[in-house]
Structures are given as structure tokens and as C-alpha cells.
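Asks: Give me the fold of what follows.
(4 chains)
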Amino acid sequence: MLGEGIAKGLVETARNFIGSYFSKNRLTTVQYPEERLPQIEATRDFPFLVYDGDDWQAGMRCVGCQICEKECPPKCIYIEKSKDKKPDAVGKLQFYPAVFNIDVSVCMSCQICVEVCPFEAIKMDTEFELSTDNRFGGLLWDKARLSKPNAYYGKVHPTDAAASDALLAEEKAKVEAKAKAAGETKTNSELTSPPLATSGATSKQ
Amino acid sequence: MDLELKEALSRQGIFTTTLEELYNWGRRSSVWPLTFGLACCAIEMIATSMARYDLARFGAEVFRPSPRQADLMIVAGTVTKKMAPQVVRLYNQMPEPKYVIAMGACAISGGPFKQGYNVLKGIDRYIPVDVHIPGCPPRPEALMDAFITLQKKIDAQSLTGADRPRHLNAEEPSEFIVPQYGAHDLEPPKNVKLWNIITKNIPNGPGTASDNEPRKD
Amino acid sequence: MNLEKIKSDIEAAVPGCRLQIILNGSPSGQHSLLLGREHAVEIARFLRDDPELRLDYCSNVTGVDWLDSETSEKVKVKKLVDGVEQEVEEVRKTRTPGYLEAVYHLYSMEKKHGPLVLRLRPENRTDHVTLPSLTPVWRSAEFQEREIFDLYGIIFEGHPDLRRILMWDEFEDHPMRKDYVEPNDYEYEPTPHDAVLEKSKQARAIEGQR
Amino acid sequence: MEMIAPAAQELIPNNAAATGDDALLEISLGPHHPSTHGVFRMDVVLDGERVVKLKPVFGYLHRNHEKIAEGASYLASMPYTDRLDYIGSLTNNWAYALAVEKLAGIQIPERAEYIRVITAELTRLQNHASTIGFLTQEMGASGSPLMYSFREREKILDLFESLTGSRMMCNYMRFGGCRVDLPAGWLDQTRKVVADFPGFLDEFERLLEGNEILLARTQGVGVLSRELAIQAGVTGPILRASGVNYDIRKVDRYGIYDRFDFRVPLGEHGDVYDRYMVRMLEMRESLKILEQALRDIPSGPIMDTKTKIRGFRPKAGEAYGRIESPKGELGFFLISDGSPNPYRYRVRPPSLINLTVLEDMCLGSNVSDTIVIFGTIDIVLGEVDR
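Replies: Coordinates of the predicted model:
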């Protein structure tokens, strides 16, 4: 009979309509902004700089090595290395970025910067509500805007943050053991720090 | 009108409004976008209009294929130099009041492809953009957030005075120059007038002496 | 597929053709066959129709631009210095003129083998840039040869519809060539470095003069 | 659109100026057209409602992917491949990774191979689902089918997001393996999605199967002959709908596809209906592969330890690597000169080459059918223009 196929299809649509009131599998509308989808842990959006402790300037992990600047595919990172050094979390004297800008209007969220960073200093954020009417003012993020505490990292990516913390603790223990050994022979050791040898390739974001 | 009085009245079931509020409410609540996808972001735009995110809740139910019936152009994707004249022409064909959302890195600045010879480094070289959403591509929620931002922006507009919206100012242009294909590049490579307005307020921008000098903090 | 055998098969079928095997240094082992321009279409037809090969499917057509290159190597030469024969190191420079290249990857849908890689080279990269089109043999080359014409400037003789495909018709350059200089439309760049910083500065300087 | 490029003007036949019933009409469909899947343009010459001539015009999304890649390191091109066929980023990743692995002779660990198969087949599922959604939308079934297919797509995108961090631009594979290991519980989640997916297919079939409008709009429309398909280098579901048994998963047996038991659905008539059905059946076969892969996936490393990601310099040489992407043969041709950047980086885009036969399929049909035929080719402009 002509129209039978169409009628069958309409039955299916009706089933779907009614089903949407009962079945979670039918993914009914999430009423953003009042309700939100559950946060997926691995989600990435834009990079941020991790700092330890409370003071973002003192605790900044980034040493301004400019690897991410070089590897960034769309070239949206701009770093200027500092002239002087400051002690890092472990106590070693390190350079720090005098300028660290990310132009998020160019960033493609590929997280290659995270992958290549040997210092666990740059990580991906999950914040996405960033729409602005000011292109240059609102989308060029400087060091202060980019810095976020390690606790925040632990909140948005708990698994990765735990792995990263463990890695850093291990590094720290190694350095301390070395310093101890060195301290027995020589008391005053001005360390010019070699880059921490962590495996950038396998680090999770 | 006094806000407290207004609230007190609304509790009594009497709703008052000003012409301005009514006008802005009308504009804000039925922003019809143009069915206009350029690249990757267009897929997220489609996803946003589907059941799970449902852009219709913001009064953007109807995607109009014709620019004559649309209020909002979502520039969703990379604008190439070959496409730029058409984008500007579509914008010119839209009736006032009209808004532009630059969705995604490519539309804002050329994004990851800005080093390409055929990629326009930001649609705001030719048309004024109201809201920028960074992301590559922005999540559907980010597009909805931009919608809310746009609605707030419309709500805050006053109908009179120097800062009234463009469509109420007869001196402001509603159409912009359409670039022409040249032998090596688009002619002109940017709408200088518009560009100067955009870059005027950058603290460190091209208008200032410390152009491209690193920011000191 | 044995490239030597294919070469001798072609030589038997198309007498007088120029063929050369080009070895590939990568572990992929995809060596290629450089064809002379004069007999390219005949060879292509043979490859397609030969019942043993039946390379009926031309998958990929690529342009490659090789710039003029200069390699210098140190050579030890025996020379008479002050009447005594001595070994002297001399830097010898070899200039290889640049050339354009079209690379075809052939497969067989019937026999399910492949790839056979063909290469065609026009005389030089400036004024003699014609190649015979293989579109009459494999239609899949149609858009890809147009693309090579557009981006590399190789003119394919015998192509049914050779127009620009990706860039607009008024465009004059061939942007995929290695020596193409793109128009400087950089502007205020918030995160400039290296080349972009230079370009941005240049553009601003020119603007300032206007 | 009033824009007529000079090239298009040449298309106008001599009698176009004539008025009356027999006048030919030249129109430009696109680049802004709701059913051209982006910024594609067709210069069509019409005799009444019949298509007499059709020339595709490309380049409105030419983003210079190849040129940018030639100036960037091997790693930096990986996120750009996501943006080629932006509906199926993971298959693009795989094709590029495969080409680099061929170029440098890299072996990848077994677990990584399985992850690649799983993600690629999930990509195929969501690609075919959304293609059929768009196709029915273009036939006039506005709304429902597209919404259903996007609903299923969202479930798969959630999987991608929890694995790779991004819904669409996954940037997940690396030459030598994959970037991160599967998160806890991901396999169970995937098993659930895979188990539920046939329900969606059944629903879709009930919705459309036997629908008189669908049958009238698809059967016998846009026939592509077997010979022409081979001659024009068409690949993917379109080729198989024309009855040619050529699936690179079976021919090249790249990755570990020789371990799975699956069949290649073939069409008989090469019309729009066959192309639709081939895609439906291919989804069922993909589900079979997924079930086997999810059952057999071993534990172990996911990256080849010898491969350097940063400062990767393959030996001078060249390689062409190809895979069966949801749209057809996606290949990458790389020439290395020993430097950290590829000397030549070329994408063999299935969407572009499949469009070769667009005119042949559309000649003589109505404008409305042209849109449907165009829809079954399943192009993504990011890949056509690159």
C-alpha cells in the first residue's frame, strides 16, 4: 500500500518522542547554562601554566626554555627568558619567563606544548566560556592570566595531576639525594641546572 | 524607571517596561542565524542546533539559508581569501540590525592556518565582529555561551546617545567594501577604516609606539 | 611487482622509450620509474591495458618542486705544488639545476597490486614546463593535474580542462613552488617570533610610509 | 549568488541569451548554499529543470595545509591532519602516522594497533551515521533522521573526548603508536556504545526502509557504472556501491585488519540507494570488527620506544601510505630530505577525486536530484580543498 513505509517511519518518530521522556539513552537536551554535561576528565581546551604553592610568581614551574614556543604548530606562544634566576620548587636556581604570552585566538588546542614540556609546567585547561567582544584585549593571555595553582590542575585532571606530582616528587628526591651526596664533598654547590630528564613524549595531558 | 518600583509592581502582577527594554528584548530573543558553515566549526554549529544542546532555546530556532532573513552571521570556520568576498557580500545583504559571531580561531585571526597564503587573517579585516569565541573548534556550549554574551550585549544597548547601536546611526555604514581578487592577493587586503577602529584600543597595539614590544609586567 | 621486469616489459612494448629506475632510500622501498616525456602516454596506456599488470587505478598524482641545488664536497686532488706532487684538498661545487616533477601512484583494482610509482619531469622549472597529460588514460588524474598546474605551474598538454582549481582565476603565482613569496599581509601580531615578527614589522613599516 | 567567475562565463552556451522556452539557464550553486556541505560551488547549466552541464568549482576552503606542513616538523602536522576531513579526524591521524611509519620503517606495538582499529571503526560509524543523516535531510526529511544520527554521533564523540580530550580534533595518534593509553573504564564504555549501536541502525532502518519517498528519490538516481568508477579513481563506499570489490582494509591489510573477520558489502546498481545501503551495511561490519577488537585487545605499551617524537628526522627518501578512510582511499605521500620538516607533503584526498564523477552522475537529472547525488558522494570540504 502506498504510504505504508511513511506511516511506519512516523510510528518510529512517535516512539522516539515518547521514549525521550523515559530513556536516558536518547540524550535529551541538557539545559545549558543551568545544567551542564558531566565534565569529562581528559577534556582539553587551552593551556595554562602550573605553579606550586601560593605565590604564582615564586612557584612558577616554567623555566622559559622555549621548547613549547618552538614546537607550537600555529606559533601562538611567545616567551622571553628572564635575565636573572629564581629558585624553583626544588630549590635549584632557574630562569623564568619574563614574558609568556599565548594568543588563544590562534591556539588550536592540540596540546603539543604539554607533550613536549619537560618540566610539567604547562597543562591543558577545561575552561571554555571565553567569548568576548574584545579580540586583542580579551584573547591575548599573559603570564598572570595563564598561571593557575597545582591544586586547580589536580581538580580538573585528577589522574594526570597525580601522575605528574609523582613524577616531580621522584625528580625532587633524586635531586635531593644528589645534593646530599655532593654536600658531603662540597658544601657550596651552585647548580647550573640541567633540564629535568622526564619523558616528554609519553607524558599525559 | 526605578528598578525597585518595577520589581514591586511585577510582584503585583503588573509588568512594566520601557520602549528600550522592549525593543532590545525583541531583538535579543529572536536572533536568527544564517545557515552558513565554512569549515570544521560548522559541524559543531550543527551539533549545537541538534537535540542535545538545542540552540533553539535561545531564540535561534530558525537557521535561515537566505541572508535577507537572517540577523546573525556565525562565521564558523576558516575564511579563505577566495571565500572572503562572498562572506562580505553575504554580510552586506543582511538587513540591519545584524550581528556577527566569529566562531573559532580561524574566523578570529586565521588561527592555525594563518601562515597560509590563501587564508584571511581574521574576518574582522572586512566586517565588524560582535563576539569572538576562541577554540578550535569551540565546544557547543561555548557557542551557546557566545550567544548569551551577544544577548547581553544587545540588552545593554541604549537606543539614543553617542553609543547607540550602528543600525540606529544613519551615518554609520551598513555595507562594507567587498574585496576583489587580485593578481597576488585580495584588493584591498583589509578594510583600513574598520581595522583602525578595532585596533585603536589595544594597549600595546599597532597604533601605539611600543608596537610588538613585549609587555612588561 | 618487480620494477626491473616492468621496465623491460615496457621497453619491449614501447620501443625507443626512455626509462630510468629511481631508487628510494627510505625503508618503504617504493622505487619509481622515470619516464621520458615523448612516450609517456603510450607507456601509461600499456601499463593500464597489459593483462599482467592491469594498473587500472591511478591513485595519487603529485607535483614536486626541486630547487636548484649546490652541493659542495671536499675532494682530494693530486697536484703539482712547487714541483712536488702533493695531495691537496679542494672544494668542488656541483650545481644541479632545479626541476619540477609529477609523480603518479598506480594500483590495480583488478589484480589488487601496487603501487607502481611513475615520475615525469619537464625540461626545467621556468620556461619549458610542459608534460603530456595522463588524464586521457586515467580520468582520476583530471583534478589532480589541474591542481599541479595551479600550484606548481606544470602545463599538461592534452588535458581536457586545464584551469586553475584551488586559487582564483586572476591569481598569477604558483604558490606551492618552493621559491614562492607570499604577499605580506601580516599585521599587528600579538605573539610574533622569527619570520612572523619580521614580516609583521615590514608590513607596519610599509604602512607607516603610506 | 550573483558571482560569476570568468571561467564560469565560458560555460554559458551561445544560446543562453535567447529567451523563450528553450533557453538554457546558467546558475551557480554555492559557495553559500545550505546543501553543499560547506563552501562548495557547482556551475550548473540547466535546460528547464534538467542538468546539461555541471562543473564543480573548488578552492573556497583551500587552507594551504600542504604548504604549512612543508614548513613544520613532522609532529606539528599531526594536529593539522585532524582538520582535513574534520568529521573523521582519527582516520586522518592514522593515515598520516602510517605514511610516516613507512617512511621511517617504524613498527608499532600491538596494543596501539588495536586502539587504532577501534578508534578508526568508531570514526567510520559516526561518519556514516552523519552522512546518512545529511543525505536524508537533503531529500527533505528535515530534522528527525539527522537528529537521530547526531544523537548517536554524540555518544561516539563522548568516547573520543574521554580518550583524546577533544570531541572532533583528536590529535591522538603518533608515529610509533598512540599518545595516551586508554583511560580506566573506557573499554567498557565503548563496549556499551557498540552493543547499543545496532539498536540505532534498526531504528534507522525502520524509519526509512520502505519509505516511498526515499525509494523514489534514490532508486535509479545517479547511476555510476563500474567501469567509470574504476577509470575515475573513485574509492570508498561509492566504488563498492558500483560493485567493485576494493576495500583497502582487505587489499593492503594494513595495521592488523587481517585478524578480523568482516565482509565487504557491495552494491549492484551503483545508484544513490546502493550507496546509502552500502553505508548502512558497512556500519554493521564495523560493529563486527569492533566487537572482535574489543574482545582481543592485549595490554602492553602503546608507543614504540625507539621513535623520537621531537626532533624526528627520517632518512632521505619517500613513502606513500594509504588507508581506507570512511570516504575512500586517504593517502599521504611524503618526501624526506633528511631534515626535520618533510620536503614534500601531499594528501591524496578521497573527497576531491570522488567528485570527478559528479558531472557524469548528474547529467540529465533534476536539480533536486543533483543535491541528493552530491550528498551521497559524502565530501568534506576541508579535505577537498585542503
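
Asks: Would you mind confirming that C:His39 is in contact with C:Val14?
Replies: Yes. The pair formed by C:His39 and C:Val14 meets the contact definition of C-beta atoms under 8 Å, at 5.2 Å. Where you see a C-beta, it was placed from the backbone N, CA and C, and this is true even at glycine.

Asks: need the contact list for residue 29.
Replies: Using chain A here. B:51-54, B:57 (C-beta atoms under 8 Å, 6 or more residues apart in numbering or on different chains).

Asks: sorry, should have said chain D
Replies: If you count contacts by C-beta under 8 Å, 6+ apart, D:Leu29 has them with D:36, D:41-44, D:367, D:370.

Asks: Which of those residues fall within helices?
Replies: D:367, D:370 (DSSP state H).

Asks: For the most centrally placed residue in chain C, give its distance to C:Trp66.
Replies: A centroid search over chain C (C-alpha atoms, centre = their mean) returns C:Glu101, at 2.2 Å, as the residue closest to the centre. Between C:Glu101 and C:Trp66 the distance is 7 Å, computed by C-beta to C-beta, to the nearest Å.

Asks: Which residue ranges of the chain form strands?
Replies: Going with chain A. Assigned by DSSP state E, the strands in chain A fall at A:47-51, A:77-81, A:86-87, A:93-94, A:97-103, A:122-124, A:140-141, A:147-149.

Asks: Sorry, I should have been clearer: chain B.
Replies: So, for chain B - with DSSP E - the strands run B:72-76, B:99-103, B:131-133, B:180-181, B:186-187.

Asks: Identify the residue nearest A:Pro74 in space, chain neighbours excluded?
Replies: Here the nearest residue to A:Pro74 in space, its sequence neighbours aside, is B:Pro112; by C-beta to C-beta, 6 or more residues apart in numbering or on different chains that works out to 3.9 Å.

Asks: Return the residues in contact with that neighbour.
Replies: Contacts for B:Pro112 were tallied using C-beta under 8 Å, 6+ apart; they are A:73-74, A:106, A:108, B:105-106, B:136, D:79-80, D:83.

Asks: 7 Å instead?
Replies: Listed by C-beta atoms under 7 Å, 6 or more residues apart in numbering or on different chains, the contact partners of B:Pro112 are A:73-74, A:106, A:108, B:105, B:136, D:80.

Asks: Check B:Val100 too.
Replies: For B:Val100, the set of contacting residues under the criterion of C-beta under 7 Å, 6+ apart consists of B:73, B:75, B:127-130.

Asks: Reformat those residues as JSON lines; add distance to D:Ile256 and neighbour count.
Replies: Listed next are these as JSON lines, based on distance: C-beta to C-beta, whole Å; neighbours: other C-beta atoms under 10 Å in any protein chain shown:
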{"residue": "B:Met73", "distance to D:Ile256": "47", "neighbour count": "23"}
{"residue": "B:Val75", "distance to D:Ile256": "42", "neighbour count": "29"}
{"residue": "B:Ile127", "distance to D:Ile256": "50", "neighbour count": "22"}
{"residue": "B:Pro128", "distance to D:Ile256": "53", "neighbour count": "18"}
{"residue": "B:Val129", "distance to D:Ile256": "48", "neighbour count": "21"}
{"residue": "B:Asp130", "distance to D:Ile256": "50", "neighbour count": "18"}
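
Asks: any idea which of those is closest to chain A?
Replies: Looking at the contacts of B:Val100 and their distance to chain A, the nearest is B:Asp130, at 6.0 Å (C-beta to the nearest C-beta).

Asks: follow-up on the earlier one: does the residue nearest to the centre of chain C have beta-bridge partners, and which?
Replies: Listed beta-bridge partners, C:Glu101: C:Val64 (assigned using DSSP bridges).

Asks: again with C:Lys93
Replies: C:Ser72.

Asks: Around it, how many other residues sit close by?
Replies: 8 (other C-beta atoms under 10 Å in any protein chain shown).

Asks: any idea how far it is from chain A?
Replies: For C:Lys93, the distance to chain A equals 32 Å [C-beta to the nearest C-beta, to the nearest Å].

Asks: List the buried residues for the lowest-mean-pLDDT helix or strand in chain B?
Replies: The weakest-scoring helix or strand in chain B, judged by mean pLDDT, DSSP states H and E, is helix B:192-199 (a mean of 74). Across helix B:192-199, burial judged by 16 or more other C-beta atoms under 10 Å in any protein chain shown covers B:194-195, B:198-199.

Asks: which of those residues lies closest to A:Glu171?
Replies: Here the nearest of the buried residues of helix B:192-199 to A:Glu171, counting by C-beta to C-beta, is B:Thr199; it sits at 44.4 Å.

Asks: And the closest one, how far from A:Lys75?
Replies: Using C-beta to C-beta, we find B:Thr199 at a distance of 20 Å from A:Lys75.

Asks: go on, C:Gly83?
Replies: Counting by C-beta to C-beta, the separation of C:Gly83 from A:Lys75 is 61 Å.

Asks: before we move on, what about A:Leu146?
Replies: Between A:Leu146 and A:Lys75 the computed distance is 17 Å (C-beta to C-beta).

Asks: now A:Leu10
Replies: Taking C-beta to C-beta as the criterion, A:Leu10 is separated from A:Lys75 by 54 Å.

Asks: Between the two, which has more neighbouring residues?
Replies: Looking at A:Leu10 and A:Lys75 with other C-beta under 10 Å, you find the greater number of neighbours at A:Lys75, namely 23 against 14.

Asks: could you show me where the helices are in chain A, in order?
Replies: Assigned helices in chain A, in chain order: A:4-19, A:67-71, A:112-116, A:135-139, A:143-146, A:150-156, A:158-185 (criterion: DSSP H).

Asks: and those, which is most packed in?
Replies: Mean neighbour count, computed with mean count of other C-beta atoms under 10 Å in any protein chain shown, is highest for helix A:112-116 among the helices of chain A, reaching a mean of 23.

Asks: With chain B in mind, check whether that one reaches it.
Replies: No. Remark: helix A:112-116 sits outside contact range of chain B, by C-beta under 7 Å from any C-beta of the partner chain, the gap being at least 11.3 Å.

Asks: Just the CA atoms from that helix would do, formatted as PDB, please.
Replies: Extracted as PDB, the C-alpha positions of helix A:112-116 are listed here (Å, rounded to 0.1, in the frame of the first residue of the first chain):
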ATOM      1  CA  ILE A 112      51.600  19.600  21.800                       C
ATOM      2  CA  CYS A 113      53.100  22.200  24.200                       C
ATOM      3  CA  VAL A 114      52.000  19.900  27.000                       C
ATOM      4  CA  GLU A 115      53.500  16.900  25.400                       C
ATOM      5  CA  VAL A 116      56.900  18.500  24.800                       C
END
